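A.B. asks: generate a structure from the sequence data that follows.
(2 chains)
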Amino acid sequence: GIQVEQSPPDLILQEGANSTLRCNFSDSVNNLQWFHQNPWGQLINLFYIPSGTKQNGRLSATTVATERYSLLYISSSQTTDSGVYFCAPQGNYGQNFVFGPGTRLSVLP
Amino acid sequence: EAGVAQSPRYKIIEKRQSVAFWCNPISGHATLYWYQQILGQGPKLLIQFQNNGVVDDSQLPKDRFSAERLKGVDSTLKIQPAKLEDSAVYLCASSSPRRVGGYTFGSGTRLTVV
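C.D. replies: Numbering: from 1, shown residues only, chains lettered A, B, ... in the order given. Down below sits the predicted model:
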């Protein structure tokens, strides 16, 4: 099945800083999702982005399917952005979404 | 719209006991998923339902795990007998093809096997 890597594994930021999280995947993908898991464990879908770029407030995501990676940008980070960010690509043959190991983000006040 | 409901929120059992988790997806969502999330890892799919039929259960340990989705709505995941390595958060999610935008997850059930 598809292999997923995320970097960095851990990230500590000062409030107001910007960051880029990366997701690499081993095979061609049909779709890709980004999720945020808050410190209480709730998983929230951030983006459904099979290709191209999408923006939602301070967050944006870009997927370059031909090069097998996706990026999540967080600008002007806030303490509420803390948690774990997962990418989950879906292979081209109807497989389910496979979650990466996540990037743990801590935003300090 | 109401979210995905799961219960119980927490459960502690002894090894070899049985346990069941319940999930009520968002109304109208035909697809329902059960995931297992071990501490420090990403969620791993256990089983996917489309209405009341199983689409993918390739990663479900069928010797001890079972799941059903009654009438294509609520779902129950059961573990019998539980092992120490089953300690994890069990997450339910649902999705609808009519809404392009991915999954909605419930709050999960945290299982501790002692």
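A.B. asks: over to the closest residue to chain A within chain B. Which of the three states is it?
C.D. replies: The nearest approach of chain B to chain A comes at B:Gly42, 3.3 Å away (CB to the nearest CB). Where C-beta positions appear, they are placed from N, C-alpha and C, glycine not excepted. Following DSSP: H, G, I helix; E, B strand; the rest coil, the label given to B:Gly42 is coil.
A.B. asks: so who does it touch?
C.D. replies: B:Gly42 is in contact with A:4, A:86, A:88, A:99-102, counting by CB atoms under 8 Å, 6 or more residues apart in numbering or on different chains.
A.B. asks: near chain B, which of those show up?
C.D. replies: A:4, A:86, A:88, A:99-102 (CB under 8 Å from any CB of the partner chain).
A.B. asks: list the contacts of the residue lying closest to the residue of chain B closest to chain A once chain neighbours are set aside.
C.D. replies: Of all residues not flanking B:Gly42 in the chain, A:Phe99 sits nearest, at 3.3 Å (CB to CB, 6 or more residues apart in numbering or on different chains). By CB under 8 Å, 6+ apart, A:Phe99 lies in contact with A:4, A:35, A:86-88, B:42-44.
A.B. asks: the residue nearest in space to the middle of chain B and B:Tyr90, how far apart?
C.D. replies: Residue closest to the average C-alpha location in chain B (CA atoms, centre = their mean): B:Trp34, at 3.0 Å. If you measure B:Trp34 against B:Tyr90 using CB to CB, to the nearest Å, the figure is 7 Å.
A.B. asks: could I get the contacting residues of B:Lys44?
C.D. replies: A:99, B:35-38, B:59.
A.B. asks: quick one: low-confidence parts of chain A?
C.D. replies: A:94 (pLDDT under 70).
A.B. asks: sorry, back to before: which ones among the contacts of B:Gly42 lie within strands?
C.D. replies: A:4, A:86, A:88 (DSSP state E).
A.B. asks: which member of these is positioned nearest chain B?
C.D. replies: Among the ones in strands among the contacts of B:Gly42, and counting by CB to the nearest CB, the member closest to chain B is A:Phe86, at 5.3 Å.
A.B. asks: for chain B, what lies in contact range of chain A?
C.D. replies: So chain B meets chain A at B:33, B:41-45, B:48, B:56, B:89, B:91, B:93, B:100-105, B:107-108, B:110 (CB under 8 Å from any CB).
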